[in-house]
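>>> Structure, please.
(one chain, ligands or ions: 1)
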Amino acid sequence: MTDSSGSSFAQNPPEDALEAALAESVELGLPASIADLSALVRIPSVSWAAFDPAHVEASADAVAELFRSTGAFEAVDVLRASTESGELGQPAVLATRPAKNGKPTVLLYAHHDVQPPGQDADWDSPPYEPTVRGDRLYGRGAADDKAGVVSHLASVRALAAVAGADFDLGLVVFIEGEEEFGSRSFANFLETNRDRLAADVIVVADSDNWDTETPSLTISLRGNVTFKLTVSTLAHASHSGMFGGAVPDAMLATIRLLSTFHDADGSVAVAGLTSRPITAPEYTEETLRAEAGLLDGVQPIGTGSILSRLWAGPSITVTGIDAPTVANASNTLSPSVSVRVSARIAPGQEASDALAALEAHIRSHAPFGAHVEISDVDTGNPFLVDTSGWAVSAAKDAMRDAWGAEPVEAGVGGSIPFIADLVRVFPEAQILVTGVEDPHTRAHSPNESLHLGVFKRAIGAEALLLLRLNSRE
Ligand SMILES: [Zn+2]
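Now for the predicted structure:
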């Protein structure tokens, strides 16, 4: 290939020729990336305490081997840190190469652990058997977040293919092993490995995209407050025919109490949980119905624009209940009932303030003087990304060029609480929250899947960002 002056592009390739070569490398590497992702999906790396930790270890080893095989890293290690309560956390992978010639260092984050699969019967193909149907790859972790892991891997491979293995950009790859179990050793991991993790830009590939054709850069995340709520009314169970009608059973008290969390239209009715005013892109009720799978005739809840409810308002969900099962139901007054309450909180509110508001509401609304106990509290602060830095514009440019579509600055209703830890430990670093999910991914649910077109475009955008940062003055 020569230009009009006869000089070879290969000796001094202009930027656009390098970028075209990069896009081709991403395209050619896609089958290998899908194969690597499929191999990771086959490892059931559920990080929850009740699941076999050997699978998470195997998964960490497999991820480390993949990054080692790129030849782009000076060191690739599987490391653990202890949790706040002193137990050893799940294994993470840390791979590093120092920057040269004054170039920046980029930290690439994803996690290799997954949520439990739920009931196999709810899956159309087995959760740990990666299966392509149409343009999607199905399996637990196929998107969240093993595709994030492999998008980093594929981006590094593409960069090394066109810039040479000796490229100047500094890289830190941090693949966590317990994101789905509350990132319990994350803060200690950051402190222990602070020097190796230090970077100018941090890419957190664990979020989603506007749709399969339009990329998003996530700029706001809700926080969360979850806890176990136990409601008790009786010292022991009694025959419902003996005392029913004169004493309240715990189920009645629990139902009455939980019903006070929402107004008649489904808006959250807990005083002190705040909302944040936002201007959001257009998103119709029709799209909400299709993406959430809302049944015919069932109405959405809450007020205001739909995205303001999802991105910038609170929500409260009861996600589990300990009570006699229907099969075991006897004519008994239940003395106590426990539920798991999961609240999402708007950017702008501290998780501790939201917890205090929920606790005050529960204590003042407990019916019939029922005893209430709150335990097993877990909180994560919401987060707003500072979008004023150069890395945000560079990331949006790379997305626009790789996807051929204008990126959306998006909020998400979910939470990534550890981002607050990253900002605390590395206040100078610029944070980019990207991802490989789309509205039909069903992360955490049966039939989780990755859109393979999104996968390719997400790799293309990240590889392009890395290539441009590698030549940044
Ligand atoms: Zn995730």
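
>>> Ala95 sits in which helix or strand?
strand 92-97 (DSSP states H and E).

>>> and the next helix or strand after that strand, what does it pack onto?
Next helix or strand after strand 92-97 toward the C-terminus (DSSP H and E): strand 105-111. Contacts defined by 3 or more CB pairs under 8 Å, 6 or more residues apart in numbering; DSSP states H and E place strand 105-111 against helix 146-163, strand 170-176, strand 201-208, helix 452-470. Every C-beta, even on glycine, is put in place using the N, C-alpha and C of the backbone.

>>> returning to that earlier point: which other helices and strands does the strand holding Ala95 contact?
Using 3+ CB pairs under 8 Å, 6+ apart, strand 92-97 sits against helix 53-68, strand 75-79, strand 170-176, helix 194-197.

>>> list the buried ones in the shortest one?
I take that to be helix 194-197. Residues of helix 194-197 classed as buried by neighbour count (16 or more other CB atoms under 10 Å): Arg196, Leu197.

>>> Average pLDDT for it, rounded please.
Confidence for helix 194-197, expressed as mean pLDDT, is 96.

>>> contact partners of stretch 191-201?
Identification of contacts with stretch 191-201 by CB atoms under 8 Å, 6 or more residues apart in numbering yields 79, 81, 94, 96, 104-107, 170, 172, 174, 190, 391, 425-426, 428-430, 432, 469.

>>> just the buried members of the residues you listed?
79, 81, 94, 96, 104-107, 170, 172, 174, 190, 391, 425-426, 429-430, 432, 469.

>>> Which residue does the stretch 351-473 of the chain have closest to the ion?
Nearest to the ion in the stretch 351-473 of the chain, going by CB to the ion, is Ala443, at a distance of 6.6 Å.

>>> thought that residue was touching Ala142?
No - Ala443 is beyond contact range of Ala142, at 9.5 Å (criterion: CB atoms under 8 Å).

>>> quick one, which of the two is more surrounded?
Using other CB atoms under 10 Å, the more surrounded residue of Ala443 and Ala142 is Ala142, with 29 against 22.

>>> where does the closest residue to that one other than its chain neighbours land in three-state SS?
If the residues on either side of it in the chain are set aside, Ala142 comes closest to Leu450, at 4.6 Å by CB to CB, 6 or more residues apart in numbering. Three-state call for Leu450 (DSSP: H, G, I helix; E, B strand; the rest coil): strand.

>>> what's the neighbour count on Leu450?
There are 32 residues near Leu450, going by other CB under 10 Å.

>>> picking that back up, sheet partners, orientation included, of the strand holding Ala95?
Using DSSP bridges, the strands paired with strand 92-97 are strand 75-79 (antiparallel), strand 170-176 (antiparallel).

>>> The ion is nearest to which of these?
Judging the strands paired with strand 92-97 by CB to the ion, what sits closest to the ion is strand 170-176, at 9.3 Å.

>>> Just the buried positions in the helix or strand following that closest one, please.
Remark: after strand 170-176, the chain's next helix or strand is helix 186-192, criterion DSSP H and E. Neighbour-count burial for helix 186-192 flags Phe186, Ala187, Asn188, Phe189, Leu190 (criterion: 16+ other CB under 10 Å).

>>> ok, so what distance separates Gly71 from the ion?
Separation of Gly71 from the ion (CB to the ion, to the nearest Å): 28 Å.

>>> Kindly indicate whether that residue is helix, strand or coil.
Per three-state DSSP, the secondary structure class of Gly71 is coil.

>>> Run through who's touching stretch 346-360.
Residues contacting stretch 346-360 (CB under 8 Å, 6+ apart): 220-225, 227, 270-276, 311-314, 316, 341, 343, 345, 374, 377, 379-384, 411.

>>> Now do the helix ranked longest in the chain, average pLDDT.
In the chain, assigned by DSSP state H, the helix with the most residues is helix 15-41. Helix 15-41 shows a mean pLDDT of 96.

>>> Assess the claim that Gly380 and Thr226 are in contact.
No - contact criterion CB under 8 Å: Gly380 and Thr226 do not qualify, at 9.0 Å.

>>> So those two - more neighbours on which side?
For Gly380 and Thr226, the more surrounded residue by other CB under 10 Å is Gly380, and the numbers stand at 23 against 19.

>>> okay, now the closest residue to the more buried one other than its chain neighbours: neighbour count?
If you skip the residues right next to it in sequence, Gly380 has Pro417 as its closest partner in space, 2.5 Å away by CB to CB, 6+ apart. Neighbourhood size, Pro417 [other CB under 10 Å]: 20.

>>> quick one: contacts for Pro417?
Per CB under 8 Å, 6+ apart, neighbours of Pro417: Ser183, Gly223, Asn224, Thr379, Gly380, Asn381.

>>> ok, now Leu107?
Leu171, Val172, Val173, Phe174, Leu197, Ala199, Val201, Ile202, Val203, Ala429.

>>> For the residue nearest the centre of the chain, give me its contacts.
Geometric centre of the chain, nearest residue: Asp206, 4.5 Å, by CA atoms, centre = their mean. By CB under 8 Å, 6+ apart, Asp206 lies in contact with Tyr109, Ala110, His111, Asp144, Asp145, Gly148, Glu179, Ile416, Val433, Gly435.

>>> Go through the buried residues of helix 186-192 and name the one nearest Arg68.
Phe189 (20.0 Å; CB to CB).

>>> And the closest residue to the closest one other than its chain neighbours, its phi and psi?
Using CB to CB, 6+ apart and skipping the chain neighbours, the partner closest in space to Phe189 is Ala81 (3.8 Å). When read as degrees, to the nearest 10, the backbone of Ala81 gives phi -130, psi 160.

>>> Helices along the stretch 301-450 of the chain, start to end?
306-312, 351-365, 390-403, 418-425 (DSSP state H, counting those that start in this stretch).

>>> any idea how far Ser375 is from Leu252?
22 Å (CB to CB, to the nearest Å).

>>> Between those two, which is the more surrounded one?
More crowded of Ser375 and Leu252, by other CB under 10 Å: Leu252, with 19 against 9.

>>> Just the element for that one, please.
Counting by DSSP H and E, Leu252 is found in helix 250-259.

>>> list the buried ones in the very next helix or strand once past that helix?
The first helix or strand that comes after helix 250-259 along the chain, using DSSP H and E, is helix 285-292. Using 16+ other CB under 10 Å as the burial criterion, the residues of helix 285-292 that qualify are Leu288.

>>> what separates helix 285-292 from the chain centre, distance-wise?
21 Å (CA atoms, centre = their mean, to the nearest Å).

>>> Stretch 187-197 too?
With CA atoms, centre = their mean, you get 21 Å for stretch 187-197.

>>> How about stretch 402-414?
With CA atoms, centre = their mean, you get 15 Å for stretch 402-414.

>>> One more: stretch 340-348?
15 Å.

>>> Buried residues of it, list them for me.
Val341, Ser342, Ala343, Arg344, Ile345, Ala346, Pro347.
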